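Chemist: this one's structure only:
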């Protein structure tokens, strides 16, 4: 098992696995958020469950936070190693001749998503943690929907969310199928995986964009 | 054709290099790129200047010796060829052509456009072989039935000439395509199964030790490979590696 921890392939596999984990998480997140478009009560019920269920709070949530931090830290580690692998740069390097901009600039889309996560944590996660575990405020199952709607009143914040999700879509466009290639999946199903990746990377981020814009223009 | 060449000149491994401008006239579109450099060198020698050093050997796309990053791409703008197979008809009169060595920390410049690619030899030596008893009772390989699909895939992987274009094209200077081709050519054959676990572990370890970057699946290597080595080989090597790691 030692080889799983200390080589370039091991690090890439860890990156792919954490990416696939976050991809799965985003599906759950967008489904719950979408409930806010359909019914405030359903959204409150789902959020109350997610916010109070001990398995989700004390098992799944730490795993998720670890997954997010790991994916970013490992991304930076790999980027740093990659830069060190070519100390003298080309005077002319035509990267666009053989690879897409998205695949060559995952660090740009990734850092943008990281910056967005800072804002997102500041907006939702940190206040939630303070509310529950610092102030020990009494649980109010009806508070979630008004909190969500309030955040999307600001056009600047809504704009930043939209921009971040466009960059997330770009990150996923390459990342989804890349994770499968790293896991060793390159066979007759690869064209289908690539299509699924394209559909996912449009559907999920633009689902979030729709929700943000819906609340901004309706409340 | 009249061309402006911007060529990397570097005295030796320890000196700093820089791009030098050269003007070359009356270049025939039928010349190969290396013949054009030969003409330039004859002109430089006639003027008493140091000729431009570059790697070449077979000049028929087989040996993988010629390298060169031409206008930002390994082996130039054409596909599925080495630099010796690139012809000047791919360029236009008046063009400026950048000619640089393959760049990677693991491929240090020896002089001008020549780089030391012995890192590839060391990866190969780490496991790119099979152990065969040659004491006189060796069984003919053709007596072992092999599925055609596997034989074809192994052959495709074995066509890698180790030129280093994959490393040169990769934004991370990763050697995954080369190493995976050398792993794959044995991974699909019965003769390669015996040492499969050690092979992939040792070759990947050596690849990392040489200082190549990590693969980010951009696919640039596959596009620029003169032999069309497929990314499927990288996925296969990753599978081989994961399976070998789990075996311990």
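Modeler: Done, it's in. This is a predicted model, so every value here is computed, not measured.
Chemist: So which residue of chain A lies furthest out from the middle?
Modeler: In chain A, counting by CA atoms, centre = their mean, residue A:91 sits farthest out from the average C-alpha position, at 35.3 Å.
Chemist: Three-state assignment for that one, please.
Modeler: At residue A:91 the chain is in coil, as set by DSSP: H, G, I helix; E, B strand; the rest coil.
Chemist: for residue A:179, what are its contacts?
Modeler: Taking CB atoms under 8 Å, 6 or more residues apart in numbering or on different chains as the criterion, residue A:179 is in contact with A:15, A:16, A:17, A:19, A:20, A:23. For glycine as for every other residue, the C-beta is placed from the backbone atoms N, C-alpha and C.
Chemist: Find the nearest non-adjacent residue to it, please.
Modeler: Leaving aside its sequence neighbours, residue A:179 sits nearest to residue A:16 (CB to CB, 6 or more residues apart in numbering or on different chains; 3.9 Å).
Chemist: Which stretches in chain B count as strands?
Modeler: B:3-9, B:18-24, B:69-70, B:73-74, B:96-100, B:109-111, B:114-115 (DSSP state E).
Chemist: Domain map for chain B?
Modeler: B:3-111, B:118-247 (automatic domain parsing).
Chemist: for those domains, which one ends up most surrounded?
Modeler: Highest mean neighbour count among these (mean count of other CB atoms under 10 Å in any protein chain shown): domain B:118-247, with a mean of 20.
Chemist: and the end-to-end length of that one?
Modeler: Across its full length, domain B:118-247 reaches 30 Å end to end, with CA to CA, to the nearest Å as the criterion.
Chemist: Tell me which of the strands of chain B sits nearest to chain A.
Modeler: strand B:96-100 (4.2 Å; CB to the nearest CB).
Chemist: what's the angle between the closest one and strand B:3-9?
Modeler: Strand B:96-100 and strand B:3-9 are oriented at 20 degrees to each other (axes from the mean of the first three to the mean of the last three CA atoms, to 10 degrees).
Chemist: Give the pairing partners of strand B:96-100; include direction for each.
Modeler: With DSSP bridges as the test, strand B:96-100 is paired with strand B:3-9 (parallel), strand B:69-70 (antiparallel).
Chemist: next one: the last one to chain centre, how far?
Modeler: Average the C-alpha atoms of strand B:69-70, do the same for its chain, and the two points are 13 Å apart (CA atoms, centre = their mean, to the nearest Å).
Chemist: Can you pull out the residues in contact with it?
Modeler: A:90, A:92-93, B:33, B:76-77, B:83, B:86, B:97-103, B:168.
Chemist: circling back to that earlier point, using TSV, lay out the strands paired with strand B:96-100 together with mean pLDDT.
Modeler: Output for those, formatted as TSV (pLDDT from 0 to 100):
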stretch	mean pLDDT
strand B:3-9	98
strand B:69-70	98
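Chemist: remind me, longest helix of chain A?
Modeler: Ordering each helix of chain A by length in residues (DSSP state H) puts helix A:8-38 first.
Chemist: I misspoke; the intended subject was chain B.
Modeler: Identified as the longest helix of chain B according to DSSP H is helix B:232-247.
Chemist: Is there proximity between stretch B:140-149 and chain A?
Modeler: No: when contact is scored as CB under 8 Å from any CB of the partner chain, no part of stretch B:140-149 falls within range of chain A; the minimum is 12.0 Å.
Chemist: Repeat that for stretch B:17-37.
Modeler: Yes: for stretch B:17-37, a contact with chain A is found by CB under 8 Å from any CB, at residue B:19.
Chemist: Pull up the distance across that stretch, start to finish.
Modeler: In stretch B:17-37, first residue to last residue: 19 Å (CA to CA).
Chemist: who's in contact with it?
Modeler: Here stretch B:17-37 makes contact (CB under 8 Å, 6+ apart) with A:91, B:1-11, B:39-40, B:43, B:52, B:54, B:56, B:59, B:66, B:68, B:70, B:76, B:83-89, B:98-100, B:109, B:112.
Chemist: which residues of chain A score low on pLDDT?
Modeler: Chain A contains residues with pLDDT under 70 at A:1-5.
Chemist: residue boundaries of the helices in it?
Modeler: Under the criterion DSSP H, chain A contains helices at A:8-38, A:40-52, A:54-55, A:61-84, A:101-104, A:106-120, A:126-129, A:144-151, A:155-182, A:190-218.
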